[in-house]
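Asks: with the sequence up front, the predicted model follows.
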Amino acid sequence: MLCPNCRKLISSDEAVCPHCGLHNPGSGWKGVLLAGGIFSGDRILTCIIAINAVMYILSLLINPGSTGLSLNPLSFLSPSSRSLLILGATGTIPIDQFHRWWSVLSANYLHGSILHILFNMIALRQIGPFILQEYGSYRTFAIYTLSGVGGYLVSYWARIPFTIGASAAVCGLIGAALYYGKSRGGYFGQMILRQVGGWAIGIFVFGFLVPGINNWAHGGGLLCGVLMGFIMGYHEREGERYFHKLTAWICALATIGVLIWTVGSSVLFVLYSRMSGIS
């Protein structure tokens, strides 16, 4: 059989893979866990973008009468605060008043306008392939998810009342790229450091010039990305191991569970509100 972790040929009754050290490689659940699936190639980036798009459309449909249709590009097609709150926006209001700690994960898949989601998804498409190449798909998703959560925890500690967006998670990928460039060194590392460093500076300058940008989440996500890059390592140091894959699957299952919960509860809330005549 092929080891589900390193994909090298081994005996099916091996207690430990002699190549990568995976215990009990013949276990069925490990085969499912490490088989690839959504983590094959750049499929994970497509999945992230698709989920963001679905959540954005849903946020517009939940309360269509309050959808922003102004000519201001920063607020054009903006969901109502009510829609975003019930779908999992985060901050001191959702966490302190409604005890929604899980919103530090769900808020990464919500956006406040068409320009907001386009900007974040374009940034993800620009930085994502490089992180996939240097870190691998499992580590990329783990960095993306944990950086987003970490960024919003920093934002909460800074007492930001209400916030959403994938930018904290995207900044985590930028942080991982900064760590890679600094750690690798040489001409290539310095080139990556200069280019990605320019992006990071641009994000923070933009955040200070445009009102309503959550620089605390950006900074927290960036620092978490650097830390995750250090903890996870990259391909030139070591390939993706069982720990990386297990972490990515835990992040994926947590994300799926939180989004199913928030979408399901939101739909039930809307149906109940309409039946009860609540505006």
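Replies: Arrived safely.

Asks: contacts for stretch 196-207?
Replies: 127, 167, 171, 174-175, 177-178, 181, 213-215, 218-219, 222 (C-beta atoms under 8 Å, 6 or more residues apart in numbering). (Each C-beta comes from the backbone N, C-alpha and C, glycine too.)

Asks: of these, closest to Ser59?
Replies: The shortest approach to Ser59 among those belongs to Ser167, at 16.5 Å (C-beta to C-beta).

Asks: didn't the closest one look like it was pressed against Ala217?
Replies: Yes - between Ser167 and Ala217 there is a contact under C-beta atoms under 8 Å: 6.9 Å.

Asks: ok, these two, which is more surrounded?
Replies: Ala217 (33 against 27; other C-beta atoms under 10 Å).

Asks: can you tell me which residues contact that one?
Replies: Counting by C-beta under 8 Å, 6+ apart, Ala217 touches Gly151, Tyr152, Val154, Ser155, Ile160, Thr163, Gly165, Ser167, Ala168, Cys171.

Asks: dump the residues you listed to TSV, plus distance to Glu236 and pLDDT.
Replies: Conversion of these to TSV gives the following (distance: C-beta to C-beta, whole Å; pLDDT from 0 to 100):
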residue	distance to Glu236	pLDDT
Gly151	27	97
Tyr152	31	98
Val154	29	97
Ser155	33	97
Ile160	37	96
Thr163	36	96
Gly165	32	95
Ser167	28	94
Ala168	27	96
Cys171	23	96
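
Asks: of all those residues, which two lie farthest apart?
Replies: Farthest pair in the contacts of Ala217, by C-beta to C-beta: Ile160 and Cys171, 15.0 Å.

Asks: the two: who's more crowded?
Replies: Neighbours per residue (other C-beta under 10 Å) separate Ile160 from Cys171, with Cys171 holding more: 29 against 18.

Asks: helix/strand/coil for the residue nearest to the more buried one when sequence neighbours are not counted?
Replies: Setting aside the residues directly before and after it, Cys171 is nearest to Gly221 in space (C-beta to C-beta, 6 or more residues apart in numbering), at 3.8 Å. At Gly221, secondary structure determined by DSSP: H, G, I helix; E, B strand; the rest coil is helix.

Asks: I'd say Gly221 and Ala166 touch.
Replies: No - using C-beta under 8 Å, Gly221 is not in contact with Ala166; the gap is 9.6 Å.

Asks: find the residues that touch each one of these two.
Replies: With C-beta under 8 Å, 6+ apart as the test, Gly221 and Ala166 both reach Gly148.

Asks: and these two? Which one has more around it.
Replies: Neighbour count, other C-beta under 10 Å: between Gly221 and Ala166, Gly221 has more, with 33 against 27.

Asks: tabulate the contacts of stretch 196-207 (JSON lines), appending secondary structure.
Replies: Below are these laid out as JSON lines (three-state DSSP):
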{"residue": "Ile127", "secondary structure": "helix"}
{"residue": "Ser167", "secondary structure": "helix"}
{"residue": "Cys171", "secondary structure": "helix"}
{"residue": "Ile174", "secondary structure": "helix"}
{"residue": "Gly175", "secondary structure": "helix"}
{"residue": "Ala177", "secondary structure": "helix"}
{"residue": "Leu178", "secondary structure": "helix"}
{"residue": "Gly181", "secondary structure": "helix"}
{"residue": "Ile213", "secondary structure": "coil"}
{"residue": "Asn214", "secondary structure": "coil"}
{"residue": "Asn215", "secondary structure": "helix"}
{"residue": "His218", "secondary structure": "helix"}
{"residue": "Gly219", "secondary structure": "helix"}
{"residue": "Leu222", "secondary structure": "helix"}
